[in-house]
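here you go, sequence then predicted model.
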Amino acid sequence: MKDRAVDFLEFDREAQVYRISPEQAVRDDVEKHYWRHVGLTVMKDWRLYLMLVPMLLVFLFWRYFPMYELLGCFKVSDDVVPVSQQLFSGFSYFKRLLAGGDDLSMQFWRALRNTFILSFYGLCFGFPIPIILALFFNEIRSNAARSIYQVLTYLPKFMSTVVMTSLVTMLVKQGSLTTGMGIINQALSNLGLISNEVANAGLLNNPSFFRSIYQISGIWESAGYDSIVFFAAIIAISPTSYEAAQIDGADKMAQMRYVVLPSILSTIVIMLITRIGSLLNIGYEKVLLLYNSNTYVTADVVSTLANRVGMGSNPQPGIAAAAEMMNNVIGMLLVIGANTIARKASNTSLY
Amino acid sequence: MKRKLEISELIFKIISYTLLTVFALCCLYPFVYAVSASLSGRSAVEYGSIVLFPKDIQFDAFARMFGDNMFWNAYSNTLFLTLYGTLWSMLTAILGAYALSKRRLLFRKFFNFFLVFTMWFSAGIVPQYLNYLATRDVFNAVGIQDDKWLVVIAMGMAAMNIILLRNAFEGVPSEIEEAAIVDGATEFQVLSTVYIPMSKSTIATVALFFAISRWNGYFWARQMISNQNEHPLQVFIRLRLEQYTDPEIIAGWSETFASDSVIYALIVCSIVPILIIYPFIQKYFAKGVNVGGVKE
């Protein structure tokens, strides 16, 4: 940025006057007729901008128009609101959800809590396990053996959510010993870990099992696949680092602590940000496929609540949109917050 | 000193092998069980006596499913959605990512933000649902009556994939592009003869991501495709599961095989094709996670 007048001026020796430099003249012109210059640039390069159009339209129509649709949560469908309250009537859905005191408000708080709990448990159990798996993979020196282990652990990732949840549903399904009780209920019941009645009723119909089923199936599905990225970071460590540590007398635990951990820390941070960022974006599809009216207490999350309220029979899209909006705004703040903290703390950031 | 080192290494190695073996077997077991249960006789399935291998082998559950026209229909619908959906997503994503990778693009920062913001904030499923309903009306008005096209065109775009492509295109050395331009290549020719061949592996990875999300798509397909004959496989599996775990259906079941066997057979049939192509796509699948580092 030039800030002195002399930078913009050139001395014309013939006329003995200062003139505006040609570069600055162009700059001034761009400033004055900004949109004309934009138009000219676009026209000159029209092919490039044409390429952008389909993508922009797709995002505009099916990502941004729904956000406009979201404004429906500020509108009030009943017209009997007194004039004196109309100024604040725009927030009536939010008020009702947050402090309505009725059944819907109770369900909303329950769903918000469940969303937090499901993702938080996912973070506690689902996040460290891939790292541990990657450390274990690193111990296997034979490539063939390692490939076999890896393929076996990636395998569940190749199922769709529907197939995975179908399999889970079948494995823990209700029934008695003669009518096809799920194999897992049967095993747990035989081991004496759960009573017969609980086993017969099916674990998915029991609210106290939903969270475990959700987390364990999540680990089963993606721990192996999630370990790829950590494993890639671990094998990138130079063998000389280990050798140096060994010479210094580091045993296995010390090597983990002082060689492996610092080397994969940035990967861990990036994955953790992604994880925290999607803390409130938990896969509603999986919950939707696994829960039923018996397990709403522990299973209902904000998206599934919105799905029932806003898309079922007697739909109330406004209030459902309000519920989801609160959820998603908190989610967005979490992404931005996690990213900022990570950038400050370790110079690693995702966005 | 040396001894102590070796012992700690050995202990860790033993723990690794043991836990890995246990975990790998746990991953594998449900599939083995599903195969066995789909092939076992009715009493073996209902009394829960199958542990590992099938008992009283029958193929009637598979036969029944293969005889079901809806099954083949669902499969072909899924192939349709996967093929056209991936093509459409790749077309828009490659063109858009190419334009975004150019430094000379005006408002580049704004366009990038336009994409990235959708990763931070989503309107939620109810507004999306209302929007898809409106889209369906528009599509019907212009003569596209088939809900399949709505699913193909309106769904499945992901900002993340476009950013992966953009990063790959940014990595292509600009000298090659300049050489092509000197030779008189237009923008489209530069893209198709320089950029696409030079970022083949990222393109394959992204195409795979799109294809997987299309193949696995369930929720919106179920919401938006009203005609039963157009349901993709995932919706079909779910509807069959709901049907065959209904206590009334189970009580009135009079076949020689268990109703569960049909579901297991369905699960097996939906996994097998993926297992067949797995060795070919595995390379890209593993690569995809490692190119995930995003910068703006």
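Good, I have the coordinates. None of these values were measured; they are calculated from a predicted model.

nearest residue to residue 218 other than its sequence neighbours?
No chain specified, so I'll use chain A. Nearest residue to A:G218 in three dimensions, chain neighbours excluded: A:G126, at 5.5 Å (CB to CB, 6 or more residues apart in numbering or on different chains). (C-beta placed from N, C-alpha, C; glycine too.)

nope, chain B
The nearest residue in space to B:Y218 (CB to CB, 6+ apart) is B:Q234, at 4.1 Å.

hmm, the one you found is touching B:F219, no?
No: B:Q234 is beyond contact range of B:F219, at 9.1 Å (criterion: CB atoms under 8 Å).

out of these two, which sits in the busier spot?
Using other CB atoms under 10 Å in any protein chain shown as the criterion, B:Q234 and B:F219 rank with B:Q234 on top: 26 against 21.

pick out the residue closest to the middle of chain B.
Centroid-nearest residue in chain B, with CA atoms, centre = their mean: B:I212, separated by 1.9 Å.

so that one versus chain A, what's the distance?
From B:I212 across to chain A, the span is 8 Å (CB to the nearest CB, to the nearest Å).

next, that residue: phi, psi?
phi -60, psi -40 (degrees, to the nearest 10).

pLDDT score for it?
Looking at B:I212, its pLDDT stands at 88.

which ones are touching B:I250?
A:179-180, B:244, B:259 (CB atoms under 8 Å, 6 or more residues apart in numbering or on different chains).

and those, which two are furthest apart?
Taking CB to CB, the two most distant members of the contacts of B:I250 are A:T179 and B:Y244; they sit 12.9 Å apart.

can you give me the strands for chain A?
Applying DSSP state E to chain A gives strands spanning A:9-12, A:17-20.

cool, chain B as well?
Counting by DSSP E, chain B contains no strands.

which of the contacts of B:I250 are buried?
Buried by 16 or more other CB atoms under 10 Å in any protein chain shown: A:179-180, B:244, B:259, out of these.

output the helix or strand of chain B with the lowest mean pLDDT as PDB, nothing but the C-alphas.
Scoring the helices and strands of chain B by mean pLDDT, DSSP states H and E places helix B:247-251 at the bottom, with a mean of 79. Output of helix B:247-251 as PDB, limited to C-alpha atoms (Å, rounded to 0.1, in the frame of the first residue of the first chain):
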ATOM      1  CA  PRO B 247     -43.900 -60.500  15.300                       C
ATOM      2  CA  GLU B 248     -47.000 -61.200  13.300                       C
ATOM      3  CA  ILE B 249     -45.100 -62.300  10.300                       C
ATOM      4  CA  ILE B 250     -42.800 -64.400  12.400                       C
ATOM      5  CA  ALA B 251     -45.800 -66.100  14.200                       C
END
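
buried stuff in it?
For helix B:247-251, a neighbour-count test (16+ other CB under 10 Å) marks B:I250 as buried.

and for stretch B:101-120?
For stretch B:101-120, by 16+ other CB under 10 Å, it's B:101-102, B:105, B:111-112, B:114-120.

dump those residues into CSV; add distance to chain A and pLDDT as well.
Shown next, in CSV, are the buried residues of stretch B:101-120 (distance: CB to the nearest CB, whole Å; pLDDT from 0 to 100):
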residue, distance to chain A, pLDDT
B:S101, 10, 92
B:K102, 6, 90
B:L105, 6, 89
B:F111, 7, 94
B:N112, 10, 92
B:F114, 7, 93
B:L115, 7, 91
B:V116, 6, 87
B:F117, 9, 89
B:T118, 5, 88
B:M119, 8, 83
B:W120, 5, 82
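
pull the most distant pair out of the residues you listed.
Across the buried residues of stretch B:101-120, the longest distance by CB to CB is 24.3 Å; it joins B:K102 and B:W120.

domain ranges for the chain, per the record?
Using chain A here. Per automatic domain parsing, the structural domains of chain A span A:1-44, A:92-346.

my bad, chain B
Split by automatic domain parsing, chain B gives B:1-58, B:69-290.

out of the ones you listed, flag the one nearest A:L280.
domain B:69-290 (10.5 Å).

any stretches of the stretch 51-200 of chain A with poor pLDDT?
A:75-90, A:177 (pLDDT under 70).

make that the stretch 201-350 of chain A, sorry
Scanning the stretch 201-350 of chain A for pLDDT under 70 picks out A:277-278, A:345-350.

which residues of it fall in helices?
Using DSSP state H, counting those that start in this stretch, the helices of the stretch 201-350 of chain A run over A:207-235, A:239-247, A:252-255, A:261-277, A:284-290, A:296-299, A:302-311, A:317-346.

deepest-packed of the ones you listed, please.
Across the helices of the stretch 201-350 of chain A, the average number of neighbours (mean count of other CB atoms under 10 Å in any protein chain shown) peaks for helix A:302-311, which reaches a mean of 24.

OK, now which residue of the stretch 251-351 of chain A is nearest to chain B?
A:E324 (3.1 Å; CB to the nearest CB).

so that residue is in contact with B:Q128, correct?
No: counting by CB under 8 Å, A:E324 does not reach B:Q128; the two are 9.6 Å apart.

residues near A:I184, how many?
So A:I184, with other CB under 10 Å, has 20 neighbours.

pick out the shakiest of the domains of chain B, pLDDT-wise.
Taking the mean pLDDT of these, domain B:1-58 comes last: a mean of 85.

so who does the nearest residue in space to A:Q174 that is not next to it in sequence touch?
Excluding its sequence neighbours, the residue lying closest to A:Q174 (CB to CB, 6+ apart) is A:G202, at 2.9 Å. A:G202 sits next to A:172-175, A:181-182, A:185 when contact means CB under 8 Å, 6+ apart.

who wins for most neighbours among those residues?
Using other CB under 10 Å as the neighbour test, those are led by A:N185, with 27 neighbours.

got a list of what the nearest residue to that one once chain neighbours are set aside touches?
Nearest-residue entry for A:N185: A:A199, 4.0 Å, with adjacent residues in sequence omitted and distances by CB to CB, 6+ apart. For A:A199, the contacting residues are A:181, A:185-186, A:188-189, by CB under 8 Å, 6+ apart.

rerun that using 10 Å as the cut-off
A:172, A:174-177, A:181-182, A:184-190, A:193, A:206 (CB atoms under 10 Å, 6 or more residues apart in numbering or on different chains).

so which of those residues are in helices?
Among the contacts of A:A199, DSSP state H puts A:184-190 in helices.

still on that earlier bit, A:G192 versus the nearest residue to the residue of the stretch 251-351 of chain A closest to chain B once chain neighbours are set aside, what's the distance?
Nearest residue to A:E324 in three dimensions, chain neighbours excluded: B:G124, at 3.1 Å (CB to CB, 6+ apart). Applying CB to CB, to the nearest Å, the value for B:G124 to A:G192 is 44 Å.

and for B:Y47?
For B:Y47, the distance to A:G192 - CB to CB - is 20 Å.

same thing with B:F12?
For B:F12 relative to A:G192 (CB to CB), the value is 34 Å.

neighbour count: the two, which is higher?
Under the criterion of other CB under 10 Å, the comparison of B:F12 against A:G192 puts B:F12 first, with 18 against 7.

quickly note the distance from the closest residue in space to that one that isn't next to it in sequence to B:K200.
Residue nearest to B:F12 in three dimensions, not counting chain neighbours: A:K252, with 4.6 Å by CB to CB, 6+ apart. As judged by CB to CB, A:K252 and B:K200 stand 41 Å apart.
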